[in-house]
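# my questions are about this predicted structure, shown below with the sequence.
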Amino acid sequence: RLFPTHSEILSSTSSGIFSPKIGITDDTSQLTINAELPGVPKENIKMRVLEDEKRIVLSGEKVSHVSSSDMSGEGSSMRSHFEERTYGSFERSFTLPKNSDMEKITAKMDNGVLEIKVPKKDSSSLQPSRFIQID
């Protein structure tokens, strides 16, 4: 099987309550992973490539612009009335297809969306199975 199933390609763990929304598309030449990260500066994002495991690990942190000390500090008149935004650290892990070209992975951040492109190797360059001589 050349490609992992959906459950195999996307595994994720999350700490905190912030977890970026992910979209994955696939065509004959590349796999594209889009992660929605509004309000997260690229300096707060780390992307590790685990070449031997054919995995990408994406982690980072979305920090609140208002600290708890601002809210509770002595003499503070600031009160929070309503908050729907989520903050915290996150980690997402993606298992890639066997024919992924791990040396040519690229990533760019644009308008709060991190786009990761994983080119695929030509299937003719993949190592076929081989037999081992038993001594």
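Ah, there it is. Residues are numbered from 1 along each chain as shown.
# next secondary structure after the least confident helix or strand in the chain by mean pLDDT?
In the chain, no helix or strand scores lower on mean pLDDT, DSSP states H and E than strand 10-13, which sits at a mean of 52. Using DSSP states H and E, the next helix or strand after strand 10-13 towards the C-terminus is strand 22-26.
# show me where the chain has its helices.
In the chain, helices defined by DSSP state H lie at 6-9, 68-72, listed in chain order.
# next, count neighbours for V113.
If you count neighbours by other C-beta atoms under 10 Å, V113 ends up with 15. In this view, the C-beta of every residue, glycine as well, is placed from N, C-alpha and C.
# check the one 10 residues further on too.
A total of 10 residues lie near S123 under the criterion other C-beta under 10 Å.
# how far away is the residue most central in space within the chain from Q133?
Residue closest to the average C-alpha location in the chain (C-alpha atoms, centre = their mean): L58, at 3.6 Å. According to C-beta to C-beta, to the nearest Å, L58 and Q133 sit 42 Å apart.
# what about this protein, any weak spots by pLDDT?
1-17, 66-76, 80, 124-128 (pLDDT under 70).
# now do the strands in it.
With DSSP state E applied, the chain shows strands at 10-13, 22-26, 30-36, 45-50, 55-62, 88-95, 106-110, 113-119, listed in chain order.
# angle of the second one against strand 30-36?
In terms of direction (axes from the mean of the first three to the mean of the last three C-alpha atoms, to 10 degrees), strand 22-26 departs from strand 30-36 by 170 degrees.
# the residue nearest to E53 when sequence neighbours are not counted pairs with what?
Nearest residue to E53 in three dimensions, chain neighbours excluded: T95, at 7.6 Å (C-beta to C-beta, 6 or more residues apart in numbering). Beta bridges link T95 to R55 when assigned by DSSP bridges.
# from Q133, how far off is T95?
Per C-beta to C-beta, T95 is found 32 Å from Q133.
# so these two - more neighbours on which side?
T95 (16 against 4).
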